[in-house]
Every structure is written in C-alpha cells, then in structure tokens.
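>>> make a model of this:
(one chain, ligands or ions: 1)
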Amino acid sequence: MANSFVQNNGVASDYHEVVIVGVGMTGMCQLHYLKREGVDVLALERNSEVGGTWYNNRYPGCRFDSESFTYAYSFSQEVLEEWDWSERFAAQNETLRYTQFVADKFDLRDNIEFNVSVKSAHFQETENLWKIRLEDGRSIECRYLITSIGALSTPTLPRFDGLDSFKGESFHTFHWPHRGINLEGKRVAVIGSGSTGVQVVSEIADKVGHLTVLQRRPNWCAPLKNGKISPEEMSDIRDRYAEIFETCNSTHGGFLHDADPRGFHTVTREERLALWEKLYDEPGFGIWLSNFKEIFIEEDANAEFSEFIAGKIRQRVDDPAVAELLIPKDHGFGIQRVPLETKYYEIFNRDNVNLVSLLDEPIERITESGIKTETAEYEFDVIVYATGFDAMSGAFDQIDFRGVGGQKLIDKWSDGPMTYMGMFVSGFPNMITLLGPQTGSYSTNFPRAIEAVSSWSTDFVLHMRKNGKIRFDAEAAAEEAWCEESQASINQRLLRNAKSWFHGFNANVKGHDTLKPRPYIYVGGNPKYVRRLTDIKNRDYEGVTIT
Ligand code: NA7
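Here you go, the predicted structure:
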C-alpha cells in the first residue's frame, strides 16, 4: 500500500491522498474504483471484516428484499461469472460471503485497516488536508476524505425506564449475538414492527417457546415470495446480466420493477384489481414499484389500494380483532418503507404468538423480569429491540467533523442536512459524503446508486489530480438549490406526511423526535439523479469551487 508521512506540528502522521471511512458495500466499491486508478487510498473500518450492514446484522430472517442479482455489483464481469446466488432474495450470511469474495478478488484488504474507529475529522485550512483522529489515539492525514459510513448503522434503543434492570438477555437486532442464541422454549419479546421486526418474528415464531410481538404503529407489509435459484436459472440470469443492469439503471428505483405505464384513472376498477392481485402474487417490490404512480401522489388512489392490502391482511389473519390491529390507520400503503414478509401475518394464527398493541397499552418500563405496560405486566427470558436506527445523519453525528473555521457538521445540520447532491457539504472542503443524506441512493436499490456515485467521485478525484488542484468546496447557493430540489421531490408525494426514518424521524433520539425542516432524502429517482451528476461533471463541476 502506498503511503507517506507528513510533518504536522512536529508530529508525523500517516498520509494518504484519499481516506475512505467505512467499508460496507459502498466503501468497497469506492475503494476498488480508486485503487484500480492507482490512487493512494486507505480505507478505515471499525469492524474486523468488510460488509457493513451485512456484517453487523445477524438476526434470524435478515435478508435482501432486492433481488439478489440486481443487488450485485455490476462492475466486474469476472465476479458476475464466478458468483452464484442461491436464492432470489439472499440471506445475510450469503451476502456477507459475497462481500468477502469481492474483497478477496480485488485484494481490497491490502488497503483496509480494520478494527479502527474514527473519533474526529478536522479540516486543516492552511494545508488543505483532513486530519483524522482515531479512537486508539493515532492520527491520519489525507487530501480527500470520503465517507461511506452507512445510512442505517447507528442503532437506537427506546428511552424506557429500567432498560438495564432486565435480568434476561436483551439486545438490539443490530447487536444480535454473532455466536447465535438458542431461543428454544424461551419466552421472547420483540419490540418494533419495521422491516427488521417483521423479518425476525416471522423467522423465530416456530422456534421459540412463546413470542410476544409488541407493536406501536403497524406497517403495510407484502409478500416477499422468495425461492431458490436453480443452476439453470442462474445460468439464464448470467446471460442476461447486461440487460438486467440496463433495466435497473433506467427505472426510478433501480430495480427491475417499474411503474405501470397506465394511469390509475384510465383503467377500470376491475383492471386495477387484476394488476394488484398479480403483483401481490409476484416476488419483491413489484407491489410497491410496479403499481400506478397515482398511488403515491393521490390520497384517493392510495386509499383504494391500501384497502386492497387491508383485505389481504384480513384474509390471512384468523382473529378479526388482531387483523385490525395489524392494519395501519395513520398512513397509507407505500408512504413508509414497505417490509416484505414471508408468512408474517400467519404467525399471528399460532397458539404461541400474541400481539400487544402499544398504541392501546404503552410501555411504562422494563422490569427485572420483563415489560410493564400501562395495563399489564409480561415476563420474558429474552427481549429483542427491533427499534430501528438514527438514520442517515446518525453515523455523521458519531464523528466530530469540523470544516472551515472549525464549524461542526452536527451544528450545520441541526435543522436537518444541507448538502449539494448529497455528496458535498459547503464549508467542509475536500470531503465527499457518498451515502450522505439527500443522496439519490435512498430511493434506489442501493448498489445501482453506489456504483454511480463511486464512479463519479473517482472521476472527480482524478480531475482534481490531472488539473493540479488541491481544494474543492460546494457553493452555498448550489447547496441551497439542492435542498430545495430534494424538498420539492418529496412535496410531490404523499410520503411528505410520513413520520419515518425517510425523514430522519426517530422518537428515541433527542433532536430527531420532531420532523426537521430540511429534507433527508431525494426521491426524484435514480436516472434523474445520475443525469444531474453527469450534467454537473460535463459543466466542469458546476456548483463546486475548485482551487
Ligand atoms: P424501522 O423501520 O425504523 O422500524 C423500527 C420499529 O421500531 C418501528 O416499528 C417503530 O415503531 C418501533 N419502535 C421504535 N421505537 C419504539 C419505542 N420506543 N417503542 C415501541 N416501538 C418502537 O427500523 P427497521 O430496523 O425495522 O428497518 C430499518 C431499515 O432497515 C428498513 O427500512 C430496511 O431498509 C432495512 P413506530 O413506527 O415508531 O411506531
């Protein structure tokens, strides 16, 4: 690994042209792209392995809801030829193995330091460098700092009294013990009914003694319809990879699924029902993304479709009272992230599963032996918190980022993020936030967006080099305009009303327990986002001051 040392205030520190923080799917891609261009790059990873999300999350049931073969990296024909996916929606351990396979193939580990946490990153104005301090006391300097620290990498626990008093085992799903845990015969509580909670409870219901699902607001879930991929199917997929990625790059969400071209109002109700029945029966996010566009824009269209899904829930859950508890009343289908499920609703027909609605009986405290709600006391051996993440900006808040004039990023973002394209933050020169808030990636099948932004930022670093430049910064006006454009992309859609992590909302985190005035996501779609990036590059990096 190329590296050199610079003297700073008499202290020698490790120097690299680029330092990447975080080596999940995004950091790996960025590292590979820079490495193959011969850039001196070091990547820092707090885990002992690559993989990010797929390394950390070990809870039972953890798997893709993107089709495996659309989630894969497309940049290497060799990897596409050599890697077989075993399931349409691969489980966590398979995806982790995939990331390790890619890391080995491109010798990425040579440029990664594992088990290191970044404590702070301060921009050095006179030298135009970033000084990064690690938790172990060392420091590293770099010309360009690239963050790929994850959108959902800061788990959050509820703010209940007595959290530490529980005598049994309890953990957040993100911290599910890597050694595994035997739940046989145990009384298990799972708090939370987002994508994670839904995956966990569906997987463990028939393996535990008794399962209590503690649900605050229900979500609209739809069938995943997973299945094995046979060798013949894999061979067919391999033959079609080019076409698959071309399609993904052309759709709003970066999936094979794309909106029905017909207008909601131009077809009859029977035709709408026929489409919905078909989509409900098909694998993946089709039910969300291959629907009529109006579902996400018009209240009435959304209500009609939500009622269709409510009917499905009523059909699948035996007890009508339980079915009603599982049907969201505060938001329509697709306005929040849709959990994809495998026999989720059917678990509530089992004798060993019960549902506690926290809207009816909020949790008062955690006790030594379990959970006390306003109306009852429950005893458990294990409590699982599937309570989500301090999304998108949470990982940034963990590091003391300081830009020009010592400005703290956390202060700049106190009313919500301000970025240019989700990639640059004005006043924080020489920093690229690959999966930062307001990137196009959040409304996209991640790897499709990851490859686009990593490739763009690689070109950008090479452009800086080629032109002998050493400093860039986003223009404040460009940043302002991007915030407005991101907000406009949200305002057009019903999701503007969602109280969800899409908007950085998290009732468990001080400062995030009310909606912020600024947007966290850009939902204009991947093709439009990538076109914007291309235009910016073609216009000599418009909106970025390069000196
Ligand atoms: P989510 O989608 O943020 O879900 C968190 C769940 O936890 C949700 O049902 C919350 O209910 C519930 N929650 C959070 N705090 C509490 C408290 N204090 N009391 C009761 N219930 C609570 O996170 P996930 O991990 O499921 O999914 C994150 C993403 O990972 C997912 O979208 C995929 O992209 C992968 P609430 O809705 O706030 O009432």
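>>> name the residues that touch the longest strand that the chain contains?
Taking DSSP state E as the criterion, the chain has its longest strand at strand 11-21. Strand 11-21 has contacts (CB atoms under 8 Å, 6 or more residues apart in numbering) with 2-6, 27, 30-31, 34, 39-44, 118, 121, 129-132, 138-149, 399, 461. From N, CA and C alone the C-beta is placed, and that goes for glycine too.
>>> list the contacts of residue 89.
63-68, 224, 226, 283-284, 340.
>>> could those go into a markdown table alongside neighbour count?
A markdown table is the format used below for those (neighbours: other CB atoms under 10 Å):
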| residue | neighbour count |
| --- | --- |
| 63 | 24 |
| 64 | 23 |
| 65 | 22 |
| 66 | 24 |
| 67 | 25 |
| 68 | 24 |
| 224 | 23 |
| 226 | 19 |
| 283 | 17 |
| 284 | 25 |
| 340 | 25 |
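>>> now, those that are in helices?
By the criterion of DSSP state H, membership of these in helices covers residue 68.
>>> quick one: secondary structure of residue 120?
strand (DSSP: H, G, I helix; E, B strand; the rest coil).
>>> can you check the pLDDT for it?
pLDDT, residue 120: 98.
>>> that one: what's it in contact with?
132-133, 399-402.
>>> these in helices, which ones?
Filtering the contacts of residue 120 for helices - DSSP H - leaves nothing at all.
>>> if we can go back for a sec, most widely separated two among the contacts of residue 89?
68 and 340 (13.4 Å; CB to CB).
>>> can you get me a residue count around residue 101?
Neighbourhood size, residue 101 [other CB atoms under 10 Å]: 13.
>>> begin at 127, not 1, for the rest of this chat.
Sounds good: first residue 127 from here, last item residue 227.
>>> for it, pull up the helix or strand it's in.
Using DSSP states H and E, residue 227 maps to helix 218-231.
>>> helix or strand right after that helix?
strand 238-239.
>>> avg pLDDT for that following strand?
Strand 238-239 comes out at a mean pLDDT of 98.
>>> who does that strand pair up with?
strand 167-170 (parallel) (DSSP bridges).
>>> which residues sit against the strand it pairs with?
127, 129, 140, 142-149, 153, 157, 160-161, 234, 237-239, 242, 244, 258, 260, 266, 268.
>>> I'd like to know which of the contacts of strand 137-147 are buried.
Buried by 16 or more other CB atoms under 10 Å: 153, 156-157, 160, 165-170, 244, 247, 255-258, 265-275, 525, 587, out of the contacts of strand 137-147.
>>> need the nearest residue in space to the residue in the chain positioned nearest to the ligand, chain neighbours excluded.
Nearest residue of the chain to the ligand (CB to the nearest ligand atom) works out as residue 320 at 2.3 Å. Leaving aside its chain neighbours, residue 320 sits nearest to residue 514 (5.7 Å; criterion: CB to CB, 6 or more residues apart in numbering).
>>> would you check that the residue of the chain closest to the ligand makes contact with residue 515?
No - Residue 320 lies out of contact with residue 515 (CB atoms under 8 Å); the separation is 9.4 Å.
>>> got the contact list for the residue nearest to residue 320?
Taking CB under 8 Å, 6+ apart, one finds 281-282, 318, 320, 322, 627, 632, 634 in contact with residue 514.
>>> now go through those and say which are in helices.
Mapping these onto helices (DSSP H) picks out residue 322.
>>> what's the PyMOL syntax to select whichever of the contacts of residue 514 are buried?
The buried residues among the contacts of residue 514 can be selected in PyMOL (16+ other CB under 10 Å) with this line:
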select buried, resi 281+282+318+320+322+627+632+634
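>>> mind listing what's buried along the helix holding residue 227?
218, 220-222, 224-226, 228-229.
>>> now those residues as CSV including pLDDT and distance to residue 535?
Shown next, in CSV, are the buried residues of helix 218-231 (pLDDT from 0 to 100; distance: CB to CB, whole Å):
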residue, pLDDT, distance to residue 535
218, 98, 31
220, 98, 36
221, 98, 30
222, 98, 30
224, 98, 32
225, 98, 28
226, 98, 32
228, 98, 30
229, 98, 29
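>>> returning to that earlier point: save the contacts of residue 215 as TSV, and put in distance to residue 340 too.
As requested, the contacts of residue 215 are arranged in TSV below (distance: CB to CB, whole Å):
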residue	distance to residue 340
189	23
190	26
191	23
192	28
193	32
194	31
350	23
352	26
409	29
410	28
466	21
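>>> just the contacts of residue 215: which are in strands?
Using DSSP E, the contacts of residue 215 in strands are residue 466.
>>> ok, so of the contacts of residue 215, who is nearest residue 614?
Nearest to residue 614 among those, with distances taken as CB to CB, is residue 192, at 26.8 Å.
>>> name the residues of the stretch 227-376 of the chain found near the ligand, please.
278, 284, 317-323, 342-343 (CB under 6 Å from any ligand atom).
>>> how about the stretch 427-576 of the chain?
With CB under 6 Å from any ligand atom as the criterion, the stretch 427-576 of the chain meets the ligand at residues 463, 484, 512-515.
>>> most neighbours out of those residues, which is it?
That'd be residue 514 among those, by other CB under 10 Å, with 27 neighbours.
>>> got the CA positions of the longest helix along the chain in PDB?
Secondary structure of the chain per DSSP H: the longest helix is helix 572-592. Taking Å, rounded to 0.1, in the frame of the first residue of the first chain, the C-alpha atoms of helix 572-592 are listed here in PDB:
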ATOM      1  CA  PHE A 572     -28.500   0.700  -3.200                       C
ATOM      2  CA  PRO A 573     -25.700  -0.800  -5.300                       C
ATOM      3  CA  ARG A 574     -27.100   0.700  -8.500                       C
ATOM      4  CA  ALA A 575     -26.700   4.100  -6.900                       C
ATOM      5  CA  ILE A 576     -23.500   3.200  -5.200                       C
ATOM      6  CA  GLU A 577     -21.800   2.300  -8.400                       C
ATOM      7  CA  ALA A 578     -22.900   5.600 -10.000                       C
ATOM      8  CA  VAL A 579     -21.700   7.800  -7.200                       C
ATOM      9  CA  SER A 580     -18.400   5.900  -6.600                       C
ATOM     10  CA  SER A 581     -17.600   6.200 -10.300                       C
ATOM     11  CA  TRP A 582     -18.500   9.900 -10.400                       C
ATOM     12  CA  SER A 583     -16.300  10.700  -7.300                       C
ATOM     13  CA  THR A 584     -13.400   8.700  -8.800                       C
ATOM     14  CA  ASP A 585     -13.600  10.800 -11.900                       C
ATOM     15  CA  PHE A 586     -13.800  13.900  -9.700                       C
ATOM     16  CA  VAL A 587     -10.600  12.900  -7.700                       C
ATOM     17  CA  LEU A 588      -8.800  12.200 -11.000                       C
ATOM     18  CA  HIS A 589      -9.900  15.500 -12.400                       C
ATOM     19  CA  MET A 590      -8.500  17.300  -9.300                       C
ATOM     20  CA  ARG A 591      -5.200  15.500  -9.800                       C
ATOM     21  CA  LYS A 592      -5.000  16.000 -13.500                       C
END
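>>> what angle do it and strand 137-147 make?
Angular relation of helix 572-592 and strand 137-147 on a 0 to 180 degree scale: 140 degrees, by axes from the mean of the first three to the mean of the last three CA atoms, to 10 degrees.
>>> would you map the strands across the stretch 527-673 of the chain?
557-559, 598-600, 670-672 (DSSP state E, counting those that start in this stretch).
>>> name the helices or strands packed onto the last one?
Applying 3 or more CB pairs under 8 Å, 6 or more residues apart in numbering; DSSP states H and E, one finds that strand 670-672 contacts strand 598-600.
>>> could you list the paired strands of the strand it packs on along with their orientation?
Applying DSSP bridges, one finds strand 598-600 paired with strand 670-672 (antiparallel).
>>> ok, residue 522 - contacts?
Contacts of residue 522 by CB under 8 Å, 6+ apart are 273, 275, 535-536, 539, 559, 562.
>>> just put these in a markdown table and tack on pLDDT.
Compiled in a markdown table, the contacts of residue 522 are given as follows (pLDDT from 0 to 100):
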| residue | pLDDT |
| --- | --- |
| 273 | 98 |
| 275 | 97 |
| 535 | 98 |
| 536 | 97 |
| 539 | 97 |
| 559 | 98 |
| 562 | 89 |
